[in-house]
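Asker: Give me a 3D structure for the following:
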Amino acid sequence: MDSENKTTEQLSGGEKKAREYADRIIDNGEDYEFVVQGLGPVMVASINAAIERRGYNVPASEHSSEANESAIDNDNLESPTTTLEQYSAEIAADRSAGVQALYQDLLVHKNDPEKRVALAKALIGDTYRTLRTADYGIDPEEQQTWDTVRLNAPVSVKEQNDWMYRGVFPQNGQETVTRGSFNVHVTPALVLALDTYIASGKVAANYKFGAPQTSASPQERHDAISIYFLEQPSDEVLQDLAAITKPFVRGNNLLGTKVAEGFYLSDVGSIKDEHIGLLVAALDGVDPSFAQAIKSETTGRDGRIAMSEAQFYAIAKVAAVFGYVVTYDIAEGFSVVVRE
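Answerer: Numbering: from 1, shown residues only. Reported below is the predicted structural model:
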């Protein structure tokens, strides 16, 4: 079903917001640049699509071109112009000859259940890496930072699967309501500043960053720190966090809606663990191999099933070239549509 023909109740949270922004531009005559300023490329691309569905041209601007170049466009997920074979070749293009040969073999045998699982897992993993992983070089003080901040903290601290979590953790049925990402240089000073702010009681949240010499290391990721809010953050809280992290910002390259330089809020919110299980169950009746790949890619070493924002976008992109439209709404969960 085309998004413009959906009722408000049928739209996902991101689609609703994009349509609201498009309506402001078209019906209220608000300036395009003013409306999209500060929004992330994924949301801007969704707004552009909503404008075009109403029969209007998207104004030429730095924001519209940037979104077209870098976002995972929701319309392309519904009617992708890239085939499974083309996308696999694109993903493998800068990999070794051995990896390219492996992709070719998996594609030839894509209808074999085990090969299909392996192909889907490879594509999801490699798509995720294009969204999140980076190389910020060696930080000679990274290990010292990790060791130092482990010793003393004004907030609760726990370590799990190469991550250090700090702050206020969910209790008595609390859940994460949304999350954000910081592209920052992690130092003891930054960690102390975030700890102190959370300890002040101004925000109920916890955050994580990765251990040195692991794939979770801040030097290996654009999102050096992820923050999980247990309550919807106010504008004041967001500005406070932007001010705290400003001296440590390395760049952007993040997913979601831009709050400030190096600080973005998620467009999909916090994906509930139980919704992932329902997604796997829904796909299992249509494509058991693809369902198994998603379950494998979202299951941690501790057995817990969880999905990050980047994993969601990676899964949605790969699902599209496999012939499925996967969307998410924090209240309703996942929607899976088989494309004709």
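Asker: Do a quick rundown of the strands in the protein.
Answerer: Listed in chain order, the strands of the chain (DSSP state E) span 156-160, 163-167, 178-182, 205-210, 225-229, 257-260, 263-265, 324-329, 333-338.
Asker: Of the ones you listed, which is nearest Ala49?
Answerer: strand 324-329 (13.3 Å; CB to CB). Quick note: C-beta positions are derived from backbone N, CA and C, even for glycine.
Asker: Keeping just the C-alphas, turn that closest one into PDB.
Answerer: What follows is strand 324-329 as a C-alpha-only set of coordinates in PDB (Å, rounded to 0.1, in the frame of the first residue of the first chain):
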ATOM      1  CA  TYR A 324      10.000  -8.000   2.100                       C
ATOM      2  CA  VAL A 325       9.100  -4.600   3.500                       C
ATOM      3  CA  VAL A 326      10.000  -4.500   7.200                       C
ATOM      4  CA  THR A 327       9.000  -1.400   9.200                       C
ATOM      5  CA  TYR A 328       8.800  -0.700  13.000                       C
ATOM      6  CA  ASP A 329       6.600   1.200  15.300                       C
END
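Asker: chain center to that strand, what's the gap?
Answerer: Its chain's C-alpha centre and that of strand 324-329 lie 14 Å apart, by CA atoms, centre = their mean, to the nearest Å.
Asker: I'd like to check the angle between it and strand 333-338, please.
Answerer: Put simply, strand 324-329 runs at 160 degrees to strand 333-338, going by axes from the mean of the first three to the mean of the last three CA atoms, to 10 degrees.
Asker: For Val99, give its distance to Ile91.
Answerer: 9 Å (CB to CB, to the nearest Å).
Asker: of the two, who's got more company?
Answerer: Here Val99 and Ile91 are set side by side on neighbour count (other CB atoms under 10 Å), and the busier one is Ile91, at 22 against 14.
Asker: List the residues that contact the more buried one.
Answerer: By CB atoms under 8 Å, 6 or more residues apart in numbering, Ile91 lies in contact with 103, 123, 126-127, 130.
Asker: Make TSV from the residues you listed and add pLDDT, neighbour count and distance to Gly277 to it.
Answerer: Putting the contacts of Ile91 into TSV (pLDDT from 0 to 100; neighbours: other CB atoms under 10 Å; distance: CB to CB, whole Å) gives the following:
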residue	pLDDT	neighbour count	distance to Gly277
Tyr103	95	21	29
Leu123	96	26	22
Asp126	93	19	24
Thr127	93	23	22
Thr130	86	13	27
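Asker: Tell me which entries of those lie within helices.
Answerer: When DSSP state H is applied, these are split such that 103, 123, 126-127, 130 fall in helices.
Asker: now Pro233, nearest residue through space, not along the chain?
Answerer: Val203 (6.2 Å; CB to CB, 6 or more residues apart in numbering).
Asker: Quick check: that neighbour touching Tyr197?
Answerer: Yes - the criterion here is CB atoms under 8 Å, and Val203 meets it with Tyr197 at 7.0 Å.
Asker: joint contacts of these two?
Answerer: With CB under 8 Å, 6+ apart, Val203 and Tyr197 have common neighbours 240-241.
Asker: which ones are touching Ala319?
Answerer: 77, 290, 325-326, 336.
Asker: So what's the residue count around Arg250?
Answerer: Arg250 - counted by other CB under 10 Å - has 18 other residues nearby.
Asker: same deal with the one 4 residues further on?
Answerer: Each residue near Leu254 was counted by other CB under 10 Å, and the total is 26.
Asker: Contact partners for it?
Answerer: 40, 181, 183, 222-223, 262-264.
Asker: With Ala314 instead?
Answerer: 124-125, 127-128, 131.
Asker: switch to 10 Å and redo it
Answerer: Taking CB atoms under 10 Å, 6 or more residues apart in numbering as the criterion, Ala314 is in contact with 72, 123-132, 297, 307-308.
Asker: follow-up on the earlier one: what about the contacts of Ala319, which one has the most neighbours?
Answerer: Counting by other CB under 10 Å, top hit in the contacts of Ala319: Phe290 with 24 neighbours.
Asker: which residue packs closest to that residue, ignoring adjacent ones?
Answerer: With CB to CB, 6+ apart, the residue lying closest to Phe290 is Ala120, at 5.1 Å.
Asker: Low-confidence regions, this protein specifically.
Answerer: 1-16, 38-43, 45-46, 60-81, 340 (pLDDT under 70).
Asker: Residue ranges of each domain in it, please.
Answerer: Split into domains by automatic domain parsing, the chain comes to 3-77, 80-133+271-338, 142-252.
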